[in-house]
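Asker: kindly return the folded structure for what I paste below:
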Amino acid sequence: MIRRVYNYYFSEDKELVHKMRSTLGFIPSNVKLYKTAFSHKSLNKGDNPHGINNERLEYLGDAILSTVVAEYLFGKYPIKKEGFLTKMRSKIVRRQTLNKVAEEMGLDILLSHFIDTRISSSMKGNALEALIGAIYVEKGYNRTRTYIIRNIIIKHLDMNALETVDDNHKSQLLEHCQKIGSTVEFRLLQRYKVDKRDKFKIAICVDGDQQAVAEDFNKKAAEQKAAKIAINNILKQAATA
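Answerer: Numbers count the residues shown, from 1 in each chain. From the prediction side, this is the model:
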């Protein structure tokens, strides 16, 4: 309590702490930990002389989020089978959903405190996972679980809509090709820098033939974009055959 009061009223980071309280809903005790959570690897301000970034916290937060979501779904849908629960968890923890939630939470406000480059959707989603990792390190599993359920799942996700929507294009492509006996290959054509950030160019080949190419700053997002194009191409080819 004393540490939080000091951080809010007297510390040199009090302006940032005010933003954290407004955006996150709480005052952190370990400000340095949360500064790391919102420090992207592309950071080029003087605040980050040693190359500190949020990738380790992102890794931890990803694992914690997946566990909490699995536990939440297990309790919410007591008679649903494993396949349904797996698909629902995938819809929640996928990059597109996390990017949207992070946008609604206003995490770009905290990211902009550190980052000079354009803040992409994937940066926001990554920061959300890193935030979860930071909360876990500071507060432990139970309080992190409560935060995720109250401030992410209940506040920002429409579970009824998620039940009926299926826009995991990669999964759709793999299932379709499995049904028709075709092989699918995701190829990384190129990885290059744009505004000091990695960008991925992905191609999808079905039975050896290239069906789609797409790019994104996140590899999984590029695969999803390419899969959507590939599905449309395959369906068009089938309709004209």
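Asker: run the chain-centre distance for the helix or strand hosting residue 173.
Answerer: Using DSSP states H and E, residue 173 sits in helix 169-180. Mean-position distance between helix 169-180 and its chain equals 23 Å (CA atoms, centre = their mean, to the nearest Å).
Asker: give me the contacts around it.
Answerer: Applying CB atoms under 8 Å, 6 or more residues apart in numbering, the external contacts of helix 169-180 come out as 87, 90, 166, 183-184, 204, 206, 223-225, 227-228, 230-231, 234. (Each C-beta comes from the backbone N, C-alpha and C, glycine too.)
Asker: let me see the contact set for residue 138.
Answerer: 28-30, 33.
Asker: just the ones of those residues in helices?
Answerer: Within the contacts of residue 138, residues falling in helices by DSSP state H are residue 33.
Asker: in ChimeraX, select just the buried ones from the contacts of residue 138.
Answerer: Those of those that count as buried under 16 or more other CB atoms under 10 Å are selected in ChimeraX with:
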select :28,33
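Asker: from the contacts of residue 138, which two are the most distant?
Answerer: Comparing every pair within the contacts of residue 138 by CB to CB identifies 29 and 33 as the most remote, at 8.6 Å.
Asker: coming back round to it: residue 149: which of the contacts of residue 138 is nearest?
Answerer: So of the contacts of residue 138, ranked by how close each gets to residue 149 (CB to CB), first place is residue 28, at 19.5 Å.
Asker: residues near the nearest residue to that closest one once chain neighbours are set aside, how many?
Answerer: For residue 28, ignoring the flanking residues on the chain, the nearest one in space by CB to CB, 6 or more residues apart in numbering is residue 34 at 4.8 Å. Neighbour count of residue 34, defined by other CB atoms under 10 Å: 26.
Asker: mind checking pLDDT for residue 34?
Answerer: pLDDT for residue 34: 95.
Asker: may I see the buried residues of the helix or strand bottoming out on mean pLDDT in the chain?
Answerer: Using mean pLDDT, DSSP states H and E, helix 2-9 stands out as the lowest-scoring helix or strand of the chain, at a mean of 81. For helix 2-9, a neighbour-count test (16+ other CB under 10 Å) marks 4, 7-8 as buried.
Asker: what would these look like in a markdown table with distance to residue 212?
Answerer: As requested, the buried residues of helix 2-9 are arranged in a markdown table below (distance: CB to CB, whole Å):
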| residue | distance to residue 212 |
| --- | --- |
| 4 | 50 |
| 7 | 49 |
| 8 | 50 |
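Asker: care to break this protein down by domain?
Answerer: Structural domains assigned to the chain are 6-164, 169-240, following automatic domain parsing.
Asker: pretty sure residue 131 contacts residue 111?
Answerer: No: with contact defined as CB atoms under 8 Å, residue 131 does not reach residue 111; the gap is 10.6 Å.
Asker: now do stretch 100-109: distance to the chain's middle.
Answerer: 11 Å.
Asker: actually stretch 28-38, not the one I typed
Answerer: Averaging C-alpha positions (CA atoms, centre = their mean) puts stretch 28-38 19 Å from its chain's average.
Asker: and stretch 82-93, by the same measure?
Answerer: 15 Å.
Asker: and that stretch, which residues are buried?
Answerer: Within stretch 82-93, the residues scored as buried using 16+ other CB under 10 Å are 85, 87-89, 91-93.
Asker: tell me the one of these nearest residue 63?
Answerer: Nearest to residue 63, judged by CB to CB, of these is residue 93 at 10.2 Å.
Asker: all strands of this protein, in order?
Answerer: With strands called from DSSP state E, the chain shows them at 184-194, 197-206, 209-216.
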